[in-house]
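Novice: Quick one: sequence and predicted model below, then my questions.
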Amino acid sequence: MQESLMNHSQRGYSLIELSIVLAIIAVVIGGAITGVQAILQSNNVNKTISNTNRAIGAITSKLIRDNSYALATTVNLSSRAMGVWEEKTVTNPGLGTAAVTNEFGGAVHVAPMATATYGLATNQAYVYTLTGVPTSACTDLALGLESLGLGLAVNNQLASAVATAPTALSGTVLKSPGVLPTSATVSQACAPSANTGQTTITMLIPRS
């Protein structure tokens, strides 16, 4: 009888210990997943900055002999002959339905500036747009991109809200001539009280 009670007690302790072990494993796995997600997002931010820098440089070199940026459009620049973006990110290159995808799964848009801005005449700059940027990646990405253009703006909105390529800075303008973004202004624009979970970043790139 005594031996039976001892065995029962041991089985009880074993269940408790197993529960503790499972709880610890769950915490470790949860932390690991969070860590992996953070690493992946950081990699996507860095790749987006690098790819955007390369694309803007390519656009400038391709259109340097033009009198304006009238041909700075997603359709024209997505042509394989232009080589602005990696082919794997482009669908229907050079066609009216051409689309370019960024590292976060959103779109890349390019369009000539439609209204005179900051002393620049129409078509003397173009707007480079990234949609579908997660709110959590927005601040790092915006601060990493701001040096590439004359102006930069952030709009907290779903990627689906950007049906056509913007022709002007959209949302909260964080950089303009004489004004530079700070971590406070960028983070507020990226994650306002009405947060959709996604942001759009637009940059104004002037002719050099």
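Specialist: Cool, the structure landed.
Novice: tell me the centre residue of the chain?
Specialist: residue 133 (3.4 Å; C-alpha atoms, centre = their mean).
Novice: That residue should be in a strand, yeah?
Specialist: Yes. Checked against DSSP: H, G, I helix; E, B strand; the rest coil, residue 133 lies within a strand.
Novice: where does the nearest residue to it once chain neighbours are set aside land in three-state SS?
Specialist: Using C-beta to C-beta, 6 or more residues apart in numbering and skipping the chain neighbours, the partner closest in space to residue 133 is residue 199 (4.7 Å). C-beta: built from backbone N, CA, C; applies to glycine. Using three-state DSSP, the structure places residue 199 in strand.
Novice: go on, the one 3 residues further on?
Specialist: With three-state DSSP as the basis, residue 202 sits in strand.
Novice: so what's it up against?
Specialist: Going by C-beta atoms under 8 Å, 6 or more residues apart in numbering, residue 202 touches 127, 128, 129, 152, 153, 154, 155, 166, 168, 169, 170, 171.
Novice: separation between it and residue 166?
Specialist: Plainly put, residue 202 is 5 Å away from residue 166 if you go by C-beta to C-beta, to the nearest Å.
Novice: Most neighbours among the contacts of residue 202, which one is it?
Specialist: Ranked by neighbour count (other C-beta atoms under 10 Å), the contacts of residue 202 have residue 154 at the top, with 31 neighbours.
Novice: Against which helices or strands is the strand or helix carrying it packed?
Specialist: Per DSSP states H and E, residue 154 falls inside strand 151-156. Counting contacts by 3 or more C-beta pairs under 8 Å, 6 or more residues apart in numbering; DSSP states H and E, strand 151-156 packs against helix 135-145, strand 172-175, helix 183-190, strand 198-206.
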